[in-house]
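# can you look at this prediction? I've put the sequence above it.
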2 protein chains.
Amino acid sequence: MVPNHIPSKEDILAAHERIAEYIHMTPILTSKTIDKFSGASVFFKCENFQKVGAFKKRGATNAILCLSDEQKANGVITHSSGNHGQAVALAAGEQGIKATVVMPDNSPAVKIEATKGYGAEVVFCSANIENRREIVDRVINKTGAHFIPPFNDYQIIAGQATAAKELIEEIENLDIIIAPIGGGGLISGTCLSAKYFSPSTTVIGAEPEEVDDAFRSLKSGEIESNASTNTIAEGLKTPLGDKTFPIIREYVEEIITVTESEIIEALKLIWERMKIIVEPSSAVPLAALLNSKEKFQSQKIGIILTGGNIDVKSALFGN
Amino acid sequence: MVPNHIPSKEDILAAHERIAEYIHMTPILTSKTIDKFSGASVFFKCENFQKVGAFKKRGATNAILCLSDEQKANGVITHSSGNHGQAVALAAGEQGIKATVVMPDNSPAVKIEATKGYGAEVVFCSANIENRREIVDRVINKTGAHFIPPFNDYQIIAGQATAAKELIEEIENLDIIIAPIGGGGLISGTCLSAKYFSPSTTVIGAEPEEVDDAFRSLKSGEIESNASTNTIAEGLKTPLGDKTFPIIREYVEEIITVTESEIIEALKLIWERMKIIVEPSSAVPLAALLNSKEKFQSQKIGIILTGGNIDVKSALFGN
């Protein structure tokens, strides 16, 4: 029986057990330089080393494993230009289920290839929500495929919660966990894991100023949208959903917004000092930590590095 | 008593013990994708995570710890535009010794800042060997500083040998270790550690075609130089020395040369698939593995990833 309520402690424990063999228990890294810069003790949960290079593998796997045999028979479908699409593709493939991923027809070739590489069928839509919905509905009507939402879903949230659960289990007595906010799947799960497994740990959100919809949503009490999405943090452009927003409203203590240049500075620190590749969205929590240093002095901070999928070659060497 | 002979097994054991508290025991990573691409089982010794971001910390620390109190009193000096200079700066600082690093006046600002950041005094020379030697001699005459060579030195070689020693101790029964060749300090040490600690392990060198002096040296039996140094692998431009060449000639089974585009492809694989930052020199052994796949089928291969110091921000975002 698949729960359709805010995941309980038992739901998250069950999700973690369910997905364990399909995910990496990712390492937690520290950096003396970053501790010195920030005045805090920072523990980075490296989901850039997760399968498909992002935490999204957790939620997608949990959602797919929760399907009935009947639902699985017709395959799964999602829409994503990024990590969620690759996560659904791989998670479905692992279970021998057909996956269709609807992607904007202006997606970078490298992402299209990666999604196909994990075994999904890629169907293109125009880069607007109406056409995307139309194309998704058309495939569902034709195939009966089951839709796996990117974030606004309790099984997805329970899966994403397992990243913070692992962080909490490995590093005791964290004062604060900082997570980035896009659609809110990761931070919702993070809040629930903190509440259940480390009640003294506070959760703070981090968001680019350019797409500060969650920041404004907390103020207004309603789900706000973004008029423009001009940020380097690709993964954080999405507004919240009606399942993630209530959790965030209840449990996120505060949302800190950061400028684009703060994101780039934090990204540079992670790349140059920690020698690991993370995508810009992953640098947003560190940017928040550094722009609000006073708040975090001498605190024990957990940061979830969400993913590491960037087109290295074209970024570094041109194409 | 400091040995002035090719390091013995005992010398390398002593070096490792001597430097242990000043180096990281770096992790060894694997990648399913790279194993699939190559048909081999590849174990990457991640010296990009080493202090100062490169294996050079090992040799510099060993050389400095081998100095007498009298030698230490006048400080140390070296010339380097890169990792060795930073390694000497930090290793000297750790012992409370003054370090001078002579750098070409066209060195990138980021490298000058890093070297100063580790506490060294930077003195500039023109970008040619004559002027560099003149400036180094001038400082030595004035201060009595002790010169720490970049590679052509038995204490340096014994220090660099500890990277392969750790690799061999953690991963048993390696068939082959592939190391890049610049001045030959790392690969000399690697050969000696293989000989002493895993005699069945073969050592193969990897070198850019553009600076294939070691490849030609093995053929001619003399130390060859490079007419031009047009390679992305900054760290591998140097010719061999009279202490490294005899070790390489005796123990390196073969040198494989690789093109610039093979280096870039291998670099891309490491960055995109392993999600770690390595400098181009580090990708040369993987490039060799991939361009000579047949030789390595089903073999257990160790690769030393030498360092991770690149100017990320200007590479990724312009300056």
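Here it is on my side, so go on. Residues are numbered from 1 along each chain as shown, chains lettered A, B, ... in the order given.
# could you report the pLDDT at A:Tyr118?
Looking at A:Tyr118, its pLDDT stands at 93.
# helix or strand: which one has the closest residue in space to it that isn't next to it in sequence?
Spatially, and ignoring its direct neighbours in sequence, A:Tyr118 is nearest to A:Ala89 (3.6 Å; C-beta to C-beta, 6 or more residues apart in numbering or on different chains). Where you see a C-beta, it was placed from the backbone N, CA and C, and this is true even at glycine. Under DSSP states H and E, the secondary-structure element containing A:Ala89 is helix A:83-94.
# buried ones in that helix, by neighbour count?
A:83-92, A:94 (16 or more other C-beta atoms under 10 Å in any protein chain shown).
# now stretch A:108-128
Those would be A:110-112, A:114-115, A:118, A:120-123, A:125, for stretch A:108-128 by 16+ other C-beta under 10 Å.
# ditto for stretch A:193-212
Using 16+ other C-beta under 10 Å as the test for burial, stretch A:193-212 gives A:193-198, A:201-208, A:210-212.
# so for it, first residue to last residue, what's the gap.
For stretch A:193-212, the first-to-last residue distance is 24 Å (C-alpha to C-alpha, to the nearest Å).
# just the buried residues of stretch A:193-212: which are in helices?
The helices, defined by DSSP state H, take in A:193-197 from these.
# taking the buried residues of stretch A:108-128 one by one, which sit in strands?
Here DSSP state E is the test, and the buried residues of stretch A:108-128 give A:121-123, A:125 as lying in strands.
# okay, the angle between the helix holding A:Ala89 and strand A:121-125?
Calculated by axes from the mean of the first three to the mean of the last three C-alpha atoms, to 10 degrees, helix A:83-94 forms an angle of 150 degrees with strand A:121-125.
# which secondary structure elements does the helix or strand following helix A:83-94 contact?
Per DSSP H and E, helix A:83-94 leads on to strand A:99-104 as the next helix or strand towards the C-terminus. Helices and strands touching strand A:99-104, by 3 or more C-beta pairs under 8 Å, 6 or more residues apart in numbering or on different chains; DSSP states H and E, are strand A:76-79, helix A:83-94, helix A:109-117, strand A:121-125, helix A:129-143.
# out of these, which comes closest to A:Gly59?
Nearest of those to A:Gly59, taken as C-beta to C-beta: helix A:83-94 at 7.3 Å.
# quick one: low-confidence parts of chain A?
Under the criterion pLDDT under 70, the flagged ranges of chain A are A:1-2, A:313-319.
# please repeat the previous calculation with a cut-off of 50.
A:319 (pLDDT under 50).
# how is it divided into domains?
Under the assignment automatic domain parsing, the domains of chain A span A:9-54+A:153-317, A:57-147.
# A:Ile129 - how many residues pack around it?
Counted with other C-beta atoms under 10 Å in any protein chain shown, residues neighbouring A:Ile129 total 10.
# just A:Gln299 next, same as before
A:Gln299 has 16 neighbours, counted by other C-beta under 10 Å.
# ok, it - contacts?
A:40-41, A:175-176 (C-beta atoms under 8 Å, 6 or more residues apart in numbering or on different chains).
# looking at those, which one is closest to chain B?
Checking the contacts of A:Gln299 against chain B by C-beta to the nearest C-beta gives A:Ser41 as the nearest, at 18.2 Å.
# list the beta-bridge partners for the closest one.
A:Lys300 (DSSP bridges).
# phi first, then psi, for A:His146.
Backbone torsions of A:His146, given as degrees, to the nearest 10, read phi -90, psi 130.
# pretty sure it is touching A:Asn74, no?
Yes: using C-beta atoms under 8 Å, A:His146 makes contact with A:Asn74 at a distance of 6.5 Å.
# the more surrounded of these two?
Using other C-beta under 10 Å as the criterion, A:His146 and A:Asn74 rank with A:His146 on top: 21 against 15.
# from the contact counts, what lies against the helix or strand A:Leu289 falls within?
Using DSSP H and E, A:Leu289 sits in helix A:280-291. Applying 3+ C-beta pairs under 8 Å, 6+ apart, we find helix A:280-291 packed against helix A:32-38, strand A:176-180, strand A:202-208, strand A:252-258, helix A:260-269, strand A:300-305.
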